[in-house]
Structures are given as C-alpha cells and as structure tokens.
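Engineer: Show me how the following folds:
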Amino acid sequence: MARNEQFFVGLDLGSTKTCALVCQPKEGGKLQVAGFGVAESKGWRKSVIVNLDLTVVALKKAVEAAESAAGVSIASAYVGVAGSHIKGVTSRGAVSVARGSDGTGTVTEEDIVKVLQAARGITLPPDREIVYLEPQDYVLDSHEGIRNPVGMSGARLEANVHLITGSSTALRNVVTAANLVGIKVLDTVYEPFAAAAACLTPDERELGVALVDIGGGSTDVIVYAEGSVRHTASIPVGGEHFTNDIAVGLRTTIPEAERVKRSWAERELANMPGGVLEVPGMGERPARVVSYEVLDEIIQPRTLELLELIHDELERCGPIRQLGAGVILVGGGAKQGGLLHLAEQNLGAPVRLGRCAGLEKMGEELPEPEYATLVGLVVYANRRRLLRDAKVTGFMTKLWRALFGKSAA
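Structural biologist: Predicted coordinates for the structure are as follows:
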C-alpha cells in the first residue's frame, strides 16, 4: 500500500465504537472520503481506557478496514478525546503594547501571540494538561469585545480565552493506543469541538448555539456565542446508562439491550407508533414479548435525568433562551427514542439532530450524527492545513503554537 502523506485521517475511539476515516484533499481546499472503517469498542469504561490491549485490537480492526477501502497505509492521524476528565476554564492574559517613536503603541501580530501565550500560562495540577485554547475576545485599554485588535492603538492588550484541559494519563493512553497500531498522533482534538466543525455554521456560532455530544460513556457539551467557545462541560451519563437500564428492566443481556435500544430509536425516527418486540431472556429464562410503551417507561426517567443535567450546564453560561440557534444533538445517543421530543419540552429551546457536512462522497452513513466527531476531525485537519499554507511569514506558526502548544508546529 502507498503511504498516506497526502491524506488526512481521523480516529474516533469511543466507548461503544471505534472509527477511522481517510480523506484525500481535492482542488479548492475540499476533501473527499477515501476510506472508512468501524469496529465495536472494547476496553473502555466511562469514556476512559481501562484495557489497553482490547482498545488496540478494536482500533486495529477499524484502521485496517479504512486502509483497505482507501488503498493507503495510515501512518498518522488526528485523534478525538472527550469524557468526564475534560474540564473547561476561562483565563485572561495581558501584555503591554510597545510604543513607537511617536509615543503611541500599535497592536501587532506579535502582540497577539504574546497575549495568547500569557493567557495559556495558568497553573495546572501535575496530572493535567491543556488540550485546546479558544480566543474569545480582546480588551484594549478597557475597551472590551474587540475581535481583532491588530493595527489599533493602545497601551495594554488583554485576551479572554477558554481553555480545555484533560487528564494527562487519559490523554497519553489514547496516544499510546494509536502508537501501538503504528500510527503517529498529529494532534488530540476535543471531540465536541471537532463535531462542531462538521455540524455548525458560522451564523449559528454567532447567534449562540449548544452542541451536545451524547456518547457511550459521557455526554459532552460545547456552547458557542459571538463566534467563539463560551462554555464546555462533560456529564457522566451516556448511552451505556440507557442500555444498562434496559438490560435490568427487561432482564436481558447487555448486547440484547443495545439491540432493543437501537430498534426503538429507529422506530421512533420513522414515526411508527405502537408495536412490540421479542426480547431473549437470560440463562434458562424464555424470551418475552414487550411493547414499546413498556420500553418508554424504563427509559424515560434516565432521559429526563440527562436532560436536567444538560439544562443545568447550559444555564451556567447564561439563560438558554439566549441561544438563538438552539441546541444540536450529535453522537451515538442522539437518536435515542423519545429524546428529541423530550428535549424540546425540557430545554426550552429549539432542538434538532446534527448532520455532518464538509466532505465529498460521504455516502448515506457518514452524515449521521453518530459520526460527527469522526467527520469533524478531518475537517479540522484540513482547516489547519489551509491555515498553515496561507501563512506568509512565521506568524501563523507562532500563533498556532500559542493556541495549541509546541506540538502544533
């Protein structure tokens, strides 16, 4: 197989599925899907690797399927990270603007790099590191809300930023899993940020929007307003909790409970009310026939619990009614039966399923909300390439390092 230097690769290692996507750059800055692979995840608990060997086996299966479809050998990739170990915090940095011969100071690109590096310099516990930095706005001599201060006159420049940090151990284990499959990790990307790259428009980010990524082990939230990230959070409730509730309520196995959950979700999305399904029993117990109404009674309490936790997180960054573009659901749990209707009722905002865009030849599967992170990873990688290619001087390299650290050269 050929090497993949001319391709972008995204790896989404999740609690329920592991995915690999290979895309080829085309003219005009576009990307085209070349290969896609998915495998059932093993070795995860609550969005954290607990068995490295099983995680590597699942990743290897997904990578081999993507390599076979694309006809290339994957050597490097962008990898998504999420889970309850991820924390968001707001920080501010400040620098003095150098004065010219006329006694006035003019903000330069170098000042932007310095102030972002200053904002990045917070004290973290030894077991945590910065995953991502998002500039929110700038303050120039007490004038707030400035988007781009370059060229403006002033003496003191401040930057408000949102920092996303994660457990060093959890992040290293994800990188190690990829390395053991022979893949170099070019960058670890916060999964809701990647999903936003695939599902949100600039207008939605400007108006105010919350993207809620319901994964297997956790639900991750990212809120945009005025074009930048304003809040991030991880809720320790995900699709696995719904599956466990079904298994206990129907006295069946976890794999059967997962099958029942998906069947119910498909029926819900197809607007097919009523109906029954057969559920195998455990051990010597006979199979049972249950109605979807019974299933709804089992799941609804957990759904309401999750929606209450989401509501509380969204309220922490301001009233939900200020989210002009509403709430967008992505992730494998976004299609949970009954979720959309209950979310509209309980969140007090318009709610819709996220659909992925930005790639050519996506087929019918990749646009679905469960692949938002995977698609977003290669969209993010492509944007980074375009930004790097557009640089005229070393400024963009310095800026990228200020945003994402030394590894982002």
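Engineer: any residues touching stretch 85-97, and which ones?
Structural biologist: The contact list for stretch 85-97 (CB atoms under 8 Å, 6 or more residues apart in numbering) reads 47-48, 105-107, 111, 114-122, 128, 131, 136, 154-167, 170, 190, 220, 229, 231-234. The C-beta positions use only the backbone N, C-alpha and C, and glycine is treated the same way.
Engineer: same thing with stretch 299-308?
Structural biologist: The contact list for stretch 299-308 (CB under 8 Å, 6+ apart) reads 214, 219, 235, 237, 241-242, 245-246, 261, 264, 336-339, 342-343, 346-347.
Engineer: Going by neighbour count, which of the residues you listed are buried?
Structural biologist: For the contacts of stretch 299-308, a burial check counting by 16 or more other CB atoms under 10 Å picks out 214, 219, 235, 237, 241-242, 245-246, 261, 264, 336-339, 342-343, 346-347.
Engineer: Buried subset of the contacts of stretch 85-97 as a ChimeraX selection?
Structural biologist: Buried subset of these, written as a ChimeraX selection, criterion 16+ other CB under 10 Å:
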select :47,48,105,106,107,111,114,115,116,117,118,119,120,128,131,136,154,157,158,159,160,161,162,163,164,165,166,167,170,190,220,229,231,232,233,234
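Engineer: Spell out the secondary structure type for T123.
Structural biologist: Secondary structure assignment for T123 (DSSP: H, G, I helix; E, B strand; the rest coil): coil.
Engineer: which residues in the stretch 251-400 of the chain form strands?
Structural biologist: For the stretch 251-400 of the chain, applying DSSP state E, counting those that start in this stretch gives strands covering 276-279, 288-291, 327-330, 351-353, 359-360.
Engineer: how about the helices of the chain, start to end?
Structural biologist: For the chain, the helices defined by DSSP state H cover 52-70, 109-120, 168-180, 191-199, 202-207, 239-250, 254-269, 292-316, 339-347, 372-390, 395-404.
Engineer: Looking at those, which one is packed in the most?
Structural biologist: Highest mean neighbour count among the helices of the chain (mean count of other CB atoms under 10 Å): helix 191-199, with a mean of 28.
Engineer: For that one, name the packing helices and strands.
Structural biologist: Contacts defined by 3 or more CB pairs under 8 Å, 6 or more residues apart in numbering; DSSP states H and E place helix 191-199 against strand 76-81, strand 209-214, strand 219-225, strand 327-330, helix 372-390.
Engineer: tilt between the longest one and strand 76-81?
Structural biologist: Following axes from the mean of the first three to the mean of the last three CA atoms, to 10 degrees, one obtains 130 degrees for the angle between helix 372-390 and strand 76-81.
Engineer: How far does helix 372-390 sit from its chain's centre?
Structural biologist: Relative to its parent chain, helix 372-390 has a centroid offset of 13 Å by CA atoms, centre = their mean, to the nearest Å.
Engineer: go on, the third one?
Structural biologist: The chain centroid and the centroid of strand 219-225 are separated by 9 Å, computed with CA atoms, centre = their mean.
Engineer: what lines up beside that strand in the sheet?
Structural biologist: Strands adjacent to strand 219-225 in the sheet, as given by DSSP bridges, are strand 209-214 (antiparallel), strand 228-235 (antiparallel).
Engineer: Run through who's touching that strand.
Structural biologist: For strand 219-225, the surrounding residues in contact (CB under 8 Å, 6+ apart) are 82-83, 86, 190-193, 196, 200, 204-213, 229-235, 237-238, 306, 309-310, 313-314, 317-318, 322-323, 331, 333.
Engineer: give me that answer again for 7 Å
Structural biologist: Contacts with strand 219-225, where a contact means CB atoms under 7 Å, 6 or more residues apart in numbering, come from 82, 191-193, 196, 200, 205, 208-213, 229-235, 237-238, 306, 310, 313-314, 317.
Engineer: Compare the strands paired with strand 219-225 and say which comes out lowest on pLDDT.
Structural biologist: Lowest mean pLDDT within these: strand 228-235, at a mean of 93.
Engineer: about what we covered before: now render the helices and strands packed on helix 191-199 as TSV, adding distance to G283.
Structural biologist: Listed next are those as TSV, based on distance: least, CB to CB, whole Å:
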stretch	distance to G283
strand 76-81	38
strand 209-214	32
strand 219-225	33
strand 327-330	37
helix 372-390	37
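Engineer: Of the ones you listed, which is nearest A98?
Structural biologist: Between A98 and the helices and strands packed on helix 191-199, the shortest separation by CB to CB is 26.1 Å, and it involves helix 372-390.
Engineer: Just list what the closest one packs against, helices and strands only.
Structural biologist: In terms of contacts (3 or more CB pairs under 7 Å, 6 or more residues apart in numbering; DSSP states H and E), helix 372-390 is packed against strand 8-13, strand 17-25, strand 76-81, helix 191-199.
Engineer: any chance of these in JSON lines, plus distance to S68 and mean pLDDT?
Structural biologist: Output for these, formatted as JSON lines (distance: least, CB to CB, whole Å; pLDDT from 0 to 100):
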{"stretch": "strand 8-13", "distance to S68": "14", "mean pLDDT": "96"}
{"stretch": "strand 17-25", "distance to S68": "10", "mean pLDDT": "95"}
{"stretch": "strand 76-81", "distance to S68": "16", "mean pLDDT": "95"}
{"stretch": "helix 191-199", "distance to S68": "24", "mean pLDDT": "95"}
